[in-house]
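Visitor: Sequence first, then the predicted structure:
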Protein chains: 4
Amino acid sequence: MALWLRVDPRSPTPVYQQIVDGIKAAVAAGWLKPGDRLPSVRDLAVSLAINHNTVAKAYQELERSRVIEVVRGRGTFVANPGQRPPPNVEERVHKLRDTLRLAWIEAYHLGLAEDAFEEMFHQARDDARGERKEET
Amino acid sequence: MALWLRVDPRSPTPVYQQIVDGIKAAVAAGWLKPGDRLPSVRDLAVSLAINHNTVAKAYQELERSRVIEVVRGRGTFVANPGQRPPPNVEERVHKLRDTLRLAWIEAYHLGLAEDAFEEMFHQARDDARGERKEET
Amino acid sequence: MALWLRVDPRSPTPVYQQIVDGIKAAVAAGWLKPGDRLPSVRDLAVSLAINHNTVAKAYQELERSRVIEVVRGRGTFVANPGQRPPPNVEERVHKLRDTLRLAWIEAYHLGLAEDAFEEMFHQARDDARGERKEET
Amino acid sequence: MALWLRVDPRSPTPVYQQIVDGIKAAVAAGWLKPGDRLPSVRDLAVSLAINHNTVAKAYQELERSRVIEVVRGRGTFVANPGQRPPPNVEERVHKLRDTLRLAWIEAYHLGLAEDAFEEMFHQARDDARGERKEET
DNA sequence: GTGGTCTAGACCACG
DNA sequence: GTGGTCTAGACCACA
């Protein structure tokens, strides 16, 4: 269980954020499909050897983003995309736009050529896609 | 002075980081050119209505990244790129790659079409470039 | 706790630098081993009768040099050497080379004989080694 | 005049200290010999394009260390070694010892092998000696 | 509990 | 006047 999820407590990014990112990545890559059941908070906490509050916080965040759905008494599942549009989409798009802007700036300061960075961008798409390649 | 720099004390990103990002952005956009003098630590602190230690921390971080240079007792200046290569380049490239991967994942969860996201990417490049358009 | 660390507020070298040097020395001498837990920022501050920000600055510097590792919410630990190579190695080697050159010059002006200085050099090695004598 | 002396205002080591180090190095290397006349404070200041107060401070420091001698109305000259022993020798020796100890620690953290560092030490001696090779 | 950030105000070395 | 350091005390995110 949860072999596709790794967490590094020494990373500067918070542990709960790593879980959020990891699950979002798994969904985007197609490793987790709508309707799939996620491990319970406590199970995942044990698997990752971390505090269960941390997992709970990650699940809350994921539910707010409509990535997962909690069915009371049954467990938590990967949500169907497009069912209920997530709140604060506008804010997240804005943040995403800003992330890309900062990425370009960082690329500039690292001396990356424009087309090299562009290639990195498309490489990242393939990484994120995972096994979902032919779908969209 | 420093009209191109704004800081939001309520933002979740630390104020000193906002200054770092802002100055990196100004350099990447060509608003600040190598050799240009930056406002003194205390002047900028007054302009931004923040504590001077916060500005000092930002300047130290920028110096570590080789974006600016401190000339003893004279002030701080925008560094010449490529003079001394910044440390951690490899690590920073790795982080940048990861940022792009996460951006693609976020775009997926926001329901953005691939070409729409690609356009956002290029839009971000133009935003970051600023007046540097014709140079490279 | 922290009996092996002393700080002199009247010294011309900054207090935070004394802490950095002291901990690097403790690691090099084998008094602190990889994985050992360091006192918390605030505890060490109390022990040394200084402000906690000063300790925090020292810890951050040590983390940048990859001497210690911060585990979120758990504390800071002595890092495993060679895990992630520290940044700036080349620059630091260059500085070290220069330090030795200046040391020879100083020895000359102090009228130290060459072999006396050489002995001082080896004495310094034994001092730095501490209890690490038999390992390498 | 003073072609053997270079000063970098962007260096973290104070300018006056760079002058002190440079002149001590020139003497130790034999480029400057006892009795040689040094440029006047103002001339050197012009040559190096720096403030003359900075040069004056360096000369004062050098005189205190008995490296140079100021003859009123005649100029400043390289002193005869061993004529008048400099004050605070003990303190300087202590500092030198500490410098070597810290150098060993730094070598350890840079992962330098012991004999590699030892070789660097002897290389530094040759660098410091300059043209004085056969004398002592 | 941990470290990270920020403020207000002070002192110092340097040029 | 420049940046660098330090203190005292506060608030916050994270685990």
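Guide: Looks like it arrived, so ask away.
Visitor: tell me the domain ranges of chain A?
Guide: A:15-78, A:89-128 (automatic domain parsing).
Visitor: Now tabulate these in JSON lines and tack on mean neighbour count.
Guide: Backbone N, C-alpha and C define where each C-beta goes, glycine included. Below are the domains of chain A laid out as JSON lines (neighbours: other C-beta atoms under 10 Å in any protein chain shown):
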{"stretch": "domain A:15-78", "mean neighbour count": "17"}
{"stretch": "domain A:89-128", "mean neighbour count": "17"}
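Visitor: Looking at those, spot the one closest to C:D126.
Guide: With C-beta to C-beta, the closest approach to C:D126 among those belongs to domain A:15-78: 41.9 Å.
Visitor: for the record, mean pLDDT for that closest one?
Guide: Averaging pLDDT along domain A:15-78 yields 96.
Visitor: Please state the offset of it from the chain centre?
Guide: Remark: domain A:15-78 is offset 10 Å from the chain centroid, using C-alpha atoms, centre = their mean, to the nearest Å.
Visitor: How about stretch A:95-104?
Guide: 17 Å.
Visitor: is that stretch up against chain B anywhere?
Guide: Yes: judged by C-beta under 8 Å from any C-beta of the partner chain, stretch A:95-104 comes into contact with chain B through A:96-97, A:99-104.
Visitor: what about whichever residue of chain A sits closest to DNA strand E, neighbour count?
Guide: Using C-beta to the nearest atom of the strand, A:P12 is the residue of chain A that sits closest to DNA strand E, at 8.0 Å. For A:P12, the neighbour count with other C-beta atoms under 10 Å in any protein chain shown is 9.
Visitor: residues contacting it?
Guide: For A:P12, no contacting residues are found, by C-beta atoms under 8 Å, 6 or more residues apart in numbering or on different chains.
Visitor: I'd assumed it was in a strand, is it?
Guide: No: counting by DSSP: H, G, I helix; E, B strand; the rest coil, A:P12 is not part of a strand but coil.
Visitor: thinking again about what came up before, possible to save the domains of chain A as TSV with distance to DNA strand F?
Guide: Putting those into TSV (distance: least, C-beta to the nearest atom of the strand, whole Å) gives the following:
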stretch	distance to DNA strand F
domain A:15-78	3
domain A:89-128	15
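Visitor: Any chance of those in CSV with distance to C:R42 as columns?
Guide: Below are those laid out as CSV (distance: least, C-beta to C-beta, whole Å):
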stretch, distance to C:R42
domain A:15-78, 22
domain A:89-128, 33
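Visitor: Nearest to D:E91, out of these?
Guide: Of the domains of chain A, nearest to D:E91 by C-beta to C-beta is domain A:89-128, at 44.4 Å.
Visitor: what angle separates the longest helix along chain A from helix B:89-109?
Guide: Taking DSSP state H as the criterion, chain A has its longest helix at helix A:89-109. Orientation check (axes from the mean of the first three to the mean of the last three C-alpha atoms, to 10 degrees): helix A:89-109 against helix B:89-109 gives 160 degrees.
Visitor: which residues are in contact with helix A:89-109?
Guide: So helix A:89-109 is in contact with A:86, A:117, B:21, B:24-25, B:27-28, B:65, B:67, B:81, B:86, B:92, B:96, B:99-100, B:103, B:106-107, B:110, B:112, B:120-121, B:123-125, B:127-129, going by C-beta under 8 Å, 6+ apart.
Visitor: Looking at these, which are in helices?
Guide: A:117, B:21, B:24-25, B:27-28, B:92, B:96, B:99-100, B:103, B:106-107, B:120-121, B:123-125, B:127-129.
Visitor: How far away from the center of its chain is stretch A:71-89?
Guide: 14 Å.
Visitor: Straight-line length of it, end to end?
Guide: From its first residue to its last, stretch A:71-89 covers 23 Å (C-alpha to C-alpha, to the nearest Å).
Visitor: do the same with stretch A:8-15
Guide: First-to-last residue span, stretch A:8-15, C-alpha to C-alpha: 7 Å.
Visitor: ok, the residue nearest to A:I105 when sequence neighbours are not counted to A:L102 distance?
Guide: Counting by C-beta to C-beta, 6 or more residues apart in numbering or on different chains, the nearest residue to A:I105 once its immediate chain neighbours are dropped is B:A28, at 4.4 Å. B:A28 sits 10 Å away from A:L102, taking C-beta to C-beta, to the nearest Å as the criterion.
Visitor: try A:Y16
Guide: On the measure of C-beta to C-beta, A:Y16 and A:L102 end up 22 Å apart.
Visitor: likewise A:S47?
Guide: 33 Å.
Visitor: With A:P81 instead?
Guide: According to C-beta to C-beta, A:P81 stands 27 Å off from A:L102.
Visitor: same thing with A:K33?
Guide: Note on A:K33: its distance to A:L102, by C-beta to C-beta, is 32 Å.
Visitor: got it, and A:H52?
Guide: 34 Å.
Visitor: Same check on A:R10?
Guide: Using C-beta to C-beta, A:R10 is found at 24 Å from A:L102.
Visitor: Ok, A:W31 next?
Guide: On the measure of C-beta to C-beta, A:W31 and A:L102 end up 28 Å apart.
Visitor: what does A:E114 give?
Guide: For A:E114, the distance to A:L102 equals 16 Å [C-beta to C-beta].
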